[in-house]
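>>> Quick check, what structure comes out for this input:
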Amino acid sequence: MEVASKGDLPSDLEGAIRQSSQASASFIASGGMKAIVELLIPQLQFLDAEGAQGELWELSRVFLESLKELIGIQKLRAIFPDAGAAALLKHQWGDANFGFASLSDRKPVGEDDEVIVMIVPDYQMLEYVERIASQLSDFPHFYRGLFHETLAFWGGL
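So this is what the prediction gives:
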């Protein structure tokens, strides 16, 4: 797996997302199970601005697909903040190569899932994040949160 060196800055937002997935994949390949990575993206500071939420979802898809490809697994599950977002994106991304769930699903993690990525879990959903994370001690997982200008926050509890 080829990862950009520390001095190589991506030229665009999608490149930054791909670089973060490369770093995450390298971490998993080295035996890591939990990590924290942040991307500060001022353009997404105001999620209520028209199109910002859609852009966030598209960037999440870039990360998910890139990570799955780089680590060469069969079962990656994306857990979205609510059932509505999960259902909408599953419908819109019918060709996605990963599974969908929501934080409030009764059983968001399947027994055959290899990597879990929680997308934008906010503080109101902390109880759900903690419940899910407590079940994930044996395999890699990340969660991505949005905090003001921060697009992504991956890590384990």
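>>> For the helix or strand hosting Val62, buried residues please.
Assigned by DSSP states H and E, Val62 belongs to helix 52-71. By neighbour count on 16 or more other CB atoms under 10 Å, the buried set for helix 52-71 is 55-57, 59-68, 70-71. Yep, even glycine has a C-beta here, placed from its N, CA and C like the rest.
>>> same question, stretch 100-108
100-103, 105, 108.
>>> go on, stretch 125-138?
Within stretch 125-138, the residues that count as buried by 16+ other CB under 10 Å are 125, 128-129, 132-133, 136.
>>> and Phe80, what does it touch?
86, 89, 100-103, 119-120 (CB atoms under 8 Å, 6 or more residues apart in numbering).
>>> quick one, helices of this structure?
13-29, 52-71, 83-92, 126-134 (DSSP state H).
>>> Show me what the second one is packed up against.
Put plainly, it is helix 52-71. helix 13-29, strand 76-80, helix 83-92, strand 115-118, strand 150-154 (3 or more CB pairs under 8 Å, 6 or more residues apart in numbering; DSSP states H and E).
>>> residues touching the residue nearest to Glu65 when sequence neighbours are not counted, list them.
Sequence neighbours aside, Asn97 is the residue nearest to Glu65 in space, at 6.3 Å (criterion: CB to CB, 6 or more residues apart in numbering). By CB under 8 Å, 6+ apart, the contact set of Asn97 is 65, 68, 76.
>>> same deal with Phe98?
Phe98 neighbours (CB under 8 Å, 6+ apart): 64-65, 68, 76-78.
>>> how close does it get to Ser24?
Between Phe98 and Ser24 the computed distance is 14 Å (CB to CB, to the nearest Å).
>>> repeat for Asp113
Asp113 is 16 Å from Ser24, by CB to CB.
>>> With neighbour numbers in mind, choose between those two.
Legend: neighbour count by other CB atoms under 10 Å for Asp113 and Ser24, higher for Ser24 (24 against 20).
>>> Can you check the pLDDT for the residue lying closest to the more buried one once chain neighbours are set aside?
Once flanking residues are discounted, Ser24 sits nearest to Leu67: 5.8 Å by CB to CB, 6+ apart. Reading off the confidence values, Leu67 has pLDDT 91.
>>> can I assume Leu67 is in contact with Ala78?
No - Leu67 is beyond contact range of Ala78, at 10.0 Å (criterion: CB atoms under 8 Å).
>>> what is in contact with these two at once?
Joint contacts of Leu67 and Ala78 (CB under 8 Å, 6+ apart) are Val117.
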